[in-house]
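1. no sequence on this one, just coordinates:
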């Protein structure tokens, strides 16, 4: 790996760490940006309708702000893999396995792990003080 590729890899890692450390500020910036863009294009009612269909317990953030944040994080990770091509095969296996397990978990809720059922334990009969 060349010196410039290593420097780019370290800068991308730093960018990913900063985005994660300042996620609230990033989300507030993206939320304000999207609210202004949607208001300027008079499409704010579409964003409100999309947000209404989502359970409030799942996300408290504006959906159009979450999508670019996720795309930015995934894009930085993919750029890091481009700079380190030897890791592509492992990363593809990990992402595929994670996606498959997530889809299998959502498709078959009855197959989820449950704690093992224990049989009640029998205690030995108590002895009296006189041995009977």
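-> Yep, that arrived. These numbers come from a predicted model, not from an experiment.

2. How confident was the prediction at residue 24?
-> Looking at residue 24, its pLDDT stands at 87.

3. Within the helices and strands, which one has the spatially most central residue of the chain?
-> In the chain, the centroid-proximal residue (CA atoms, centre = their mean) is residue 70; its distance is 8.8 Å. Using DSSP states H and E, residue 70 sits within helix 63-83.

4. I'd like the average pLDDT over that helix.
-> 83.

5. Which strands and helices lie in contact with it?
-> Using 3 or more CB pairs under 8 Å, 6 or more residues apart in numbering; DSSP states H and E, the elements in contact with helix 63-83 are helix 3-21, helix 23-40, helix 44-52. Bear in mind the C-beta positions are built from the backbone N, C-alpha and C, glycine included.

6. how many degrees apart are the following helix or strand past that helix and helix 63-83 in direction?
-> Next along the chain after helix 63-83, taking DSSP H and E as the criterion, comes helix 88-107. Between helix 88-107 and helix 63-83, the angle comes out at 150 degrees (axes from the mean of the first three to the mean of the last three CA atoms, to 10 degrees).

7. mind checking how far helix 88-107 is from the chain centre?
-> Centroid displacement of helix 88-107 relative to its chain, using CA atoms, centre = their mean, to the nearest Å, is 13 Å.

8. how far away is residue 19 from residue 75?
-> 11 Å (CB to CB, to the nearest Å).

9. Distance check, the residue nearest to the centre of the chain against residue 30.
-> 11 Å.

10. same question, residue 79
-> From residue 79 to residue 30 the distance is 20 Å (CB to CB).

11. Comparing those two, which shows the higher neighbour count?
-> Each of residue 79 and residue 30 has its neighbours counted (other CB atoms under 10 Å); residue 30 has more, 19 against 15.

12. what comes up buried for the helix holding residue 70?
-> Of the residues in helix 63-83, 64-65, 69, 73, 76, 80-81, 83 count as buried by neighbour count, 16 or more other CB atoms under 10 Å.

13. Stretch 20-39 now?
-> Buried residues in stretch 20-39, counting neighbours by 16+ other CB under 10 Å, are found at 26-27, 30-31, 34, 38.
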